[in-house]
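In: Requesting a structural model of the entry that follows:
(one chain, ligands or ions: 1)
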Amino acid sequence: MKRQLHLNLFFHSRGHHEASWRHPAASPLALTDIRYYQDLAQRAEAALFDSIFLADQLALGGDVAQAPRIWLEPLTVLAALAVSTSHIGLIATASTTYTEPFNLARQFASIDHISNGRTAWNIVTSWLATAASNYGGDKQVSHADRYARGEEFMSVVKALWDSWAEDAVIDDRAGGHYARPDRIRPINHRGDFYQVAGPLNMPRCPQGRPVLVQAGSSDTGRRFAARHAEAVFTAHMAKETAQEFYADLKRLAAAEGRNAEHVLILPGLSPMIASTEAEAQRLAREVNELTDPEIGRKRLSNRFGGHDFSHLPLDRPLSPEDFPDPGSVEAARSRTEVILNLVRRDKPTLRQLLGYLAGARGHFVTAGTPEQIAALMEDWFTDGAADGFNVMPPLLPAQLDVFAAEVIPLLQRRGLFRTEYLGTTLREHYRLPRPNSAFE
Ligand SMILES: Cc1cc2nc3c(=O)[nH]c(=O)nc-3n(C[C@H](O)[C@H](O)[C@H](O)COP(=O)(O)O)c2cc1C
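Out: Predicted structure coming up:
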């Protein structure tokens with residue numbers, strides 16, 4: 001079967017643009033209203049997206065006065081979306097640093113049952129420094145320790161998901177036998193961070209294991225993704241760095257003995273779309289004019305682990321010396337490199353840099369006609385930069401609707417995107433194999 005694009009819809013506030021929540025085209029619903037999320041998921045399903053995705057942070061940001069987010073806890077939202085949709089995949093973020101593997105394995109297996117095999121877990125180690133203070137610690141767990149703990153966490157959750165054989169439940173009412181104990185095994189894990197006896201207290205989930213998604217881009221993050229991820233989210237401001245990332249991750253996955261086709265690379269794409277390029281650019285300017293550079297300055301500081309940028313003037317060209325060394329940043333190291341590459345390449349002023357980051361926080365932002373967006377997607381897809389996209393509409397739901405009505409039909413006409421769902425599970429949409437349990 002011909003290779004086709006995979007499309008994920010990334011939910012964020014009332015759109016990915018930092019000022020989307022104020023724009024007249026944004027949804028009138030509250031960000032605590034489940035109908036907002038149900039409505040978006042249903043629109044994405046009608047457009048045949050593979051999946052939707054909810055990000056998560058474990059602390060309130062310092063920018064709450066002007067920066068709303070998705071406030072509801074992602075796994076709880078997935079349960080609601082599972083019963084209000086029928087085909088679309090459902091991806092939620094959860095942290096390996098701040099939860100127990102038994103809790104997490106149970107929660108995702110439950111959602112996989114509730115959704116009949118449509119769940120995925122976006123594995124994060126939680127880069128936000130303030131998260132630690134909500135979990136009994138006063139100091140952030142270092143980048144290296146977060147990944148070391150994450151690695152052991154993965155062995156435990158995989159073993160728990162595999163602790164029931166496919167045929168463990170017989171539900172033989174006449175004979176009086178519900179399950180076969182010989183087909184359910186403890187895991188007896190004893191490691192540096194976790195002691196977990198198992199087995200999981202729930203039958204094997206419909207997909208065998210939920211689909212595993214990851215978004216680490218540092219060297220350690222990439223190696224982690226190469227071992228575990230079946231889909232990878234990544235942020236790029238240029239096609240060239242996306243190509244470099246794509247080639248590197250596929251190579252690392254192959255070096256781990258995996259089929260590189262079973263690791264889908266989905267870079268972020270935030271398109272402002274209108275019937276003419278001039279109109280799309282006008283719309284982008286209109287939303288940009290609603291931003292406050294001081295909010296952007298705070299967000300930049302968060303990205304760089306709390307580094308103080310308050311003294312930098314807004315209108316002088318930046319140089320790399322204005323930033324701390326990414327190697328010393330304990331937060332999201334790879335995104336700091338994305339930002340520094342842009343500074344080296346374009347020498348923007350702080351105002352210009354913040355304007356760009358306001359669009360989609362360092363993901364690829366563009367404005368154009370449906371034909372231009374479809375051409376860009378085809379180019380990245382056929383030129384070794386992407387297996388699909390993490391679609392990040394700047395305004396929700398308005399720009400999702402334009403994407404669905406205008407861009408998707410162009411992709412379908414070119415044979416690049418499905419015209420109907422061919423399966424019911426996320427593994428089927430992503431064309432991923434179903435993992436065997438430890439019993440086979
Ligand atoms: C599309 C996308 C979504 C992400 N979502 C989250 C999230 O919800 N929560 C989180 O803590 N980190 C999130 N991250 C951050 C990554 O998990 C990771 O920490 C970051 O890319 C830095 O990776 P590194 O530590 O390997 O440099 C996301 C990254 C990307 C590209």
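In: so what's Ala94 up against?
Out: 56, 74-75, 104, 107-108, 121-124 (Cβ atoms under 8 Å, 6 or more residues apart in numbering). Yep, even glycine has a C-beta here, placed from its N, CA and C like the rest.
In: Tell me the gap between the helix or strand hosting it and the middle of its chain.
Out: Using DSSP states H and E, Ala94 sits within strand 89-95. Centre-to-centre, strand 89-95 and its host chain are 8 Å apart (Cα atoms, centre = their mean, to the nearest Å).
In: Around the ligand, which positions in the stretch 201-350 of the chain sit nearby?
Out: Taking Cβ under 6 Å from any ligand atom as the contact definition, the stretch 201-350 of the chain meets the ligand at 215-218, 220-221, 233-235, 268, 332-335.
In: follow-up on the earlier one: can you list the contacts of Ala94 in CSV and add neighbour count and pLDDT?
Out: Converted to CSV, those look like this (neighbours: other Cβ atoms under 10 Å; pLDDT from 0 to 100):
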residue, neighbour count, pLDDT
Asp56, 19, 96
Pro74, 21, 98
Leu75, 20, 98
Leu104, 21, 98
Gln107, 20, 98
Phe108, 25, 98
Trp121, 25, 98
Asn122, 22, 98
Ile123, 23, 98
Val124, 25, 95
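In: Out of those, which are close to the ligand?
Out: 56, 124.
In: per-residue pLDDT, the residue in the stretch 51-200 of the chain that the ligand sits nearest to?
Out: Residue of the stretch 51-200 of the chain nearest the ligand, by Cβ to the nearest ligand atom: Ala55 (3.0 Å). Listed pLDDT for Ala55 reads 97.
In: now Ala332
Out: 65.
In: Can you tell me how far the residue nearest to the residue of the stretch 51-200 of the chain closest to the ligand when sequence neighbours are not counted is from Trp161?
Out: Leaving out its chain neighbours, the residue that sits closest to Ala55 by Cβ to Cβ, 6 or more residues apart in numbering is Thr93, at 5.2 Å. According to Cβ to Cβ, to the nearest Å, Thr93 and Trp161 sit 18 Å apart.
In: between these two, who's got more neighbours?
Out: Remark: of Thr93 and Trp161, Trp161 carries more neighbours, 25 against 19, as counted by other Cβ atoms under 10 Å.
In: thought that one was touching Val211?
Out: No: counting by Cβ atoms under 8 Å, Trp161 sits too far from Val211 to count as a contact (11.7 Å).
In: Let me know how buried Asn134 is, in neighbour terms.
Out: Around Asn134 there are 12 residues (other Cβ under 10 Å).
In: what residues are up against it?
Out: So Asn134 contacts 58-59, 98 (Cβ under 8 Å, 6+ apart).
In: the strands in the stretch 101-250 of the chain, which residues?
Out: Here the stretch 101-250 of the chain has its strands, by DSSP state E, counting those that start in this stretch, at 119-124, 169-172, 177-179, 189-190, 195-196, 211-214, 231-234.
In: For the fourth one, name the packing helices and strands.
Out: For strand 189-190, the packing partners by 3 or more Cβ pairs under 8 Å, 6 or more residues apart in numbering; DSSP states H and E come out as helix 143-161.
In: Pull out the buried positions in the helix it packs on.
Out: 143, 146-151, 153-161 (16 or more other Cβ atoms under 10 Å).
In: Can you pull the poorly scored residue ranges out of this structure?
Out: 330-332, 440 (pLDDT under 70).
In: Give me the distance between the two termini of stretch 111-120.
Out: By Cα to Cα, to the nearest Å, the extent of stretch 111-120 from end to end equals 9 Å.
In: hang on, I meant stretch 8-18
Out: 20 Å.
In: Give me the number of neighbouring residues for the residue of the chain found nearest the ligand.
Out: Going by Cβ to the nearest ligand atom, the ligand is nearest to Gly221 of the chain, at 2.3 Å. Gly221 has 25 neighbouring residues, counting by other Cβ under 10 Å.
In: repeat for Val141
Out: Applying other Cβ under 10 Å, we find 20 residues neighbouring Val141.
In: Leaving out chain neighbours, which residue sits closest to it?
Out: Per Cβ to Cβ, 6+ apart, closest to Val141 is Thr97, 5.6 Å.
In: OK, contacts around the nearest residue to Arg344 once chain neighbours are set aside?
Out: Using Cβ to Cβ, 6+ apart and skipping residues adjacent in sequence, the residue nearest Arg344 is Pro320, 5.9 Å away. Neighbouring residues of Pro320 by Cβ under 8 Å, 6+ apart: 340, 343-344.
In: hmm, back to that, which of the residues of the stretch 201-350 of the chain next to the ligand count as buried?
Out: Looks like these have 215-218, 220-221, 233-235, 268, 332-335 buried, using 16+ other Cβ under 10 Å.
In: circling back to that earlier point, for the residue nearest to Ala55, give the beta-bridge partners.
Out: Asn122 (DSSP bridges).
In: That one reaches Leu58, doesn't it?
Out: No: contact criterion Cβ under 8 Å: Thr93 and Leu58 do not qualify, at 9.8 Å.
In: Now, of the contacts of Pro320, which are buried?
Out: 340, 343.
In: Let's have the contacts of Pro320 in a markdown table, adding secondary structure.
Out: Output for the contacts of Pro320, formatted as a markdown table (DSSP: H, G, I helix; E, B strand; the rest coil):
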| residue | secondary structure |
| --- | --- |
| Leu340 | helix |
| Val343 | helix |
| Arg344 | helix |
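In: and which of the contacts of Pro320 is nearest to Asn436?
Out: Nearest to Asn436 among the contacts of Pro320: Leu340, at 43.0 Å, using Cβ to Cβ.
In: Phi and psi next, for the residue nearest to Thr234 when sequence neighbours are not counted.
Out: Take Thr234 and drop its neighbours on the chain: the residue closest to it by Cβ to Cβ, 6+ apart is Pro267, 5.1 Å away. Reported as degrees, to the nearest 10, the phi and psi values for Pro267 are phi -70, psi 150.
In: Am I right that Pro267 is in contact with Ala385?
Out: Yes: at 6.9 Å, Pro267 counts as touching Ala385 under the criterion of Cβ under 8 Å.
In: which residues do these two both contact?
Out: Going by Cβ under 8 Å, 6+ apart, residues that sit against Pro267 and also against Ala385 are 236, 242.
In: At the contact with the ligand, which residues of the stretch 1-150 of the chain appear?
Out: Near the ligand, when you scan the stretch 1-150 of the chain using Cβ under 6 Å from any ligand atom, you find 55-57, 93, 124, 126-127, 143.
In: elements contacting the helix or strand that contains Leu357?
Out: According to DSSP H and E, Leu357 maps onto helix 350-360. Identification of packing neighbours for helix 350-360 by 3+ Cβ pairs under 8 Å, 6+ apart yields strand 264-273, helix 277-288, helix 293-303, helix 333-346.
In: can we see that at 7 Å?
Out: strand 264-273, helix 293-303 (3 or more Cβ pairs under 7 Å, 6 or more residues apart in numbering; DSSP states H and E).
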